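Trainee: What follows is a predicted structure for the sequence shown.
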Amino acid sequence: QVQLVESGGGLVQAGGSLRLSCAASGSIFSINTMGWYRQAPGKQRELVAAITSGGNTNYADSVKGRFTISRDNAKNTVYLQMSSLKPEDTAVYYCNAQTKATMYTGLYDYWGQGTQVTVSS
């Protein structure tokens, strides 16, 4: 089993910044892609940003130029630096990691418990 523990959410005014962190622990041989998703009330969960083990990144169009995803492979941790926040960024943010428990097992998806980000206007 793998546990993902998120931190860094909170309440911020529009135009402000927040940094989310997500640390993975447990039965981990390797981690492939790590990412951040978000879900606003009444909406489907959507990809915000993802990063591969090699450092390739992918962003939702709505956050390009404002959010930056990064990871520390030695610490099994992924970060999301969020700047120029807008009220429409308000959502629960979830961390995701695709991990292998051993060299011979397949990739499994794990999710964090979610952290609330609220941007006031």
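Mentor: Yep, that arrived. Bear in mind the structure is a predicted one, so any value in this text is a computation, not a measurement.

Trainee: what helix or strand is residue 20 on?
Mentor: strand 18-26 (DSSP states H and E).

Trainee: Quick check: neighbours of the helix or strand that that strand is followed by in the sheet, parallel or antiparallel?
Mentor: Counting by DSSP H and E, the next helix or strand C-terminal to strand 18-26 is strand 30-39. Each strand paired with strand 30-39, and its direction, by DSSP bridges: strand 46-51 (antiparallel), strand 91-100 (antiparallel).

Trainee: winner for burial among the ones you listed?
Mentor: Mean neighbour count (mean count of other CB atoms under 10 Å) peaks for strand 91-100 among the strands paired with strand 30-39, with a mean of 21. In this view, the C-beta of every residue, glycine as well, is placed from N, C-alpha and C.

Trainee: quick check: angle from it to strand 18-26?
Mentor: 30 degrees (axes from the mean of the first three to the mean of the last three CA atoms, to 10 degrees).

Trainee: okay, strand 91-100 in PDB with CA atoms only?
Mentor: The C-alpha trace of strand 91-100 is given here as PDB (Å, rounded to 0.1, in the frame of the first residue of the first chain):
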ATOM      1  CA  ALA A  91     -11.600  23.400  -5.400                       C
ATOM      2  CA  VAL A  92     -10.400  20.400  -3.500                       C
ATOM      3  CA  TYR A  93      -7.000  19.500  -4.800                       C
ATOM      4  CA  TYR A  94      -6.000  15.800  -5.000                       C
ATOM      5  CA  CYS A  95      -2.500  14.400  -5.400                       C
ATOM      6  CA  ASN A  96      -2.100  11.300  -7.600                       C
ATOM      7  CA  ALA A  97       0.800   9.000  -8.100                       C
ATOM      8  CA  GLN A  98       1.400   6.000 -10.300                       C
ATOM      9  CA  THR A  99       3.600   3.600  -8.400                       C
ATOM     10  CA  LYS A 100       5.200   0.200  -8.700                       C
END
